[in-house]
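Trainee: Can you look at this prediction? I've put the sequence above it.
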Amino acid sequence: MTSGKTAAVSTLRVLSAGAVKGGVAQLVAEFERATGVRVTVVFEPAPEVRKRIAAGETADVIVLPQAMMDDLAHEGKIVADSRAHLGRSRMGVVVHKNAPTPDLSSAAALKRAVLGANAVVYNKASSGLYAAKLMQKLGLAKELGSRTVIVDSGAAIMEYVAAQPPGAVGLAQISEIMVLIDKGCAVQLAAPLPDEIQNVTSYDAAATAGSKSQDAARALARELTSDAAKKIFAATGIA
């Protein structure tokens with residue numbers, strides 16, 4: 001990790017997709033201790049982060065899926081040579097802590113589990129958009145009807161599943177499931193989505209072109225994408 005003070009910088013601001021919250025929060029705390037620079041982080045679903053940036057909201061470092069980061073690079077909003085790969089997130093199925101673990105070994109098995117659920121929950125973020133398309137692909141969207149519950153964030157998926165009697169199924173980023181389990185939420189990761197229908201989202205970090213603290217912003221982006229950081233992210237479900 002970076003050591004020593006970062007001259008003439010007191011604070012940095014980060015806008016980050018919520019799926020990588022566990023690792024980003026830990027690495028930011030270590031960066032603050034090592035440099036003395038205070039870092040504030042706003043975690044939101046990736047599409048919301050993108051909207052904030054489009055609306056003119058400023059930050060020093062941004063963490064987003066690669067496709068969205070490509071858009072920002074095209075718009076000249078990030079420093080190209082500060083951009084690096086952070087890690088990949090996979091999706092999983094979450095059920096109540098006291099629910100039996102369903103068979104999720106194949107797409108057909110997932111379909112059976114979803115059809116047997118009293119609610120199927122996903123969010124409005126990138127993973128939720130994929131979940132909606134998956135339900136269409138599996139021919140389940142119409143059959144599920146009012147049993148489909150769409151919430152604002154990844155955390156809200158787990159909170160909803162935990163608040164219901166066993167029987168609800170959530171589709172969420174594994175990293176977000178793990179964060180909520182660590183916080184004591186009464187859910188369990190039943191399994192990742194089967195490989196044949198798995199959705200992998202790659203995340204990058206970069207300093208912004210508009211940052212007034214370029215050296216510190218670059219340093220933080222490097223920390224978030226370093227070899228040491230990858231080990232931390234792996235422990236949170238981002239590999």
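Mentor: Thanks, I have it.
Trainee: Report the mean per-residue pLDDT for the lengthiest strand in the chain.
Mentor: In terms of residue count, the longest strand belonging to the chain (DSSP state E) is strand 84-96. Averaging pLDDT along strand 84-96 gives 96.
Trainee: Please spell out which residues along it are buried.
Mentor: When neighbours are counted by 16 or more other CB atoms under 10 Å, the buried residues of strand 84-96 are found to be 86, 87, 88, 89, 90, 91, 92, 93, 94, 95, 96. For glycine as for every other residue, the C-beta is placed from the backbone atoms N, C-alpha and C.
Trainee: from those, which is closest to residue 163?
Mentor: residue 96 (9.2 Å; CB to CB).
Trainee: Wait, that closest one touches residue 163, no?
Mentor: No - here residue 96 does not reach residue 163: they are 9.2 Å apart, not a contact under CB atoms under 8 Å.
Trainee: quick one, domains of this structure?
Mentor: For the chain, the domain assignment from automatic domain parsing gives the residue ranges 11-88+202-235, 89-197.
Trainee: Need the distance between the two termini of the shortest one.
Mentor: Terminal residues of domain 89-197 are spaced 14 Å apart (CA to CA, to the nearest Å).
Trainee: Show me how far that domain is from its chain's centre.
Mentor: The chain centroid and the centroid of domain 89-197 are separated by 15 Å, computed with CA atoms, centre = their mean, to the nearest Å.
Trainee: shaky segments in the chain?
Mentor: Counting by pLDDT under 70, the low-confidence segments of the chain come to 1-9.
Trainee: can you give me the helices for it?
Mentor: Assignment of helices within the chain using DSSP state H yields the ranges 21-35, 46-54, 66-74, 107-115, 126-137, 141-144, 154-163, 174-182, 214-224, 227-235.
Trainee: Using JSON lines, lay out those helices together with mean neighbour count.
Mentor: Below are the helices of the chain laid out as JSON lines (neighbours: other CB atoms under 10 Å):
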{"stretch": "helix 21-35", "mean neighbour count": "19"}
{"stretch": "helix 46-54", "mean neighbour count": "19"}
{"stretch": "helix 66-74", "mean neighbour count": "16"}
{"stretch": "helix 107-115", "mean neighbour count": "17"}
{"stretch": "helix 126-137", "mean neighbour count": "19"}
{"stretch": "helix 141-144", "mean neighbour count": "13"}
{"stretch": "helix 154-163", "mean neighbour count": "22"}
{"stretch": "helix 174-182", "mean neighbour count": "22"}
{"stretch": "helix 214-224", "mean neighbour count": "22"}
{"stretch": "helix 227-235", "mean neighbour count": "15"}
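Trainee: Out of those, the one nearest residue 197 is which?
Mentor: Closest to residue 197 of the helices of the chain is helix 107-115 (CB to CB; 5.0 Å).
Trainee: how big is the angle separating the closest one from strand 84-96?
Mentor: Comparing the axes of helix 107-115 and strand 84-96 via axes from the mean of the first three to the mean of the last three CA atoms, to 10 degrees yields an angle of 50 degrees.
Trainee: Can you tell me what sits against helix 107-115?
Mentor: For helix 107-115, the external contacting residues (CB atoms under 8 Å, 6 or more residues apart in numbering) are 93, 102-104, 120, 135, 138, 140, 143-144, 169, 190, 193-194, 196-197.
Trainee: hang on, the earlier thing: could I get the buried residues of strand 84-96 as a markdown table with distance to residue 202?
Mentor: Formatted as a markdown table, the entries for these read as follows, by distance: CB to CB, whole Å:
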| residue | distance to residue 202 |
| --- | --- |
| 86 | 8 |
| 87 | 8 |
| 88 | 5 |
| 89 | 8 |
| 90 | 11 |
| 91 | 13 |
| 92 | 17 |
| 93 | 21 |
| 94 | 22 |
| 95 | 27 |
| 96 | 30 |
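Trainee: How far off centre is the longest strand of the chain?
Mentor: Between the mean C-alpha position of strand 84-96 and that of its chain there is a distance of 7 Å (CA atoms, centre = their mean).
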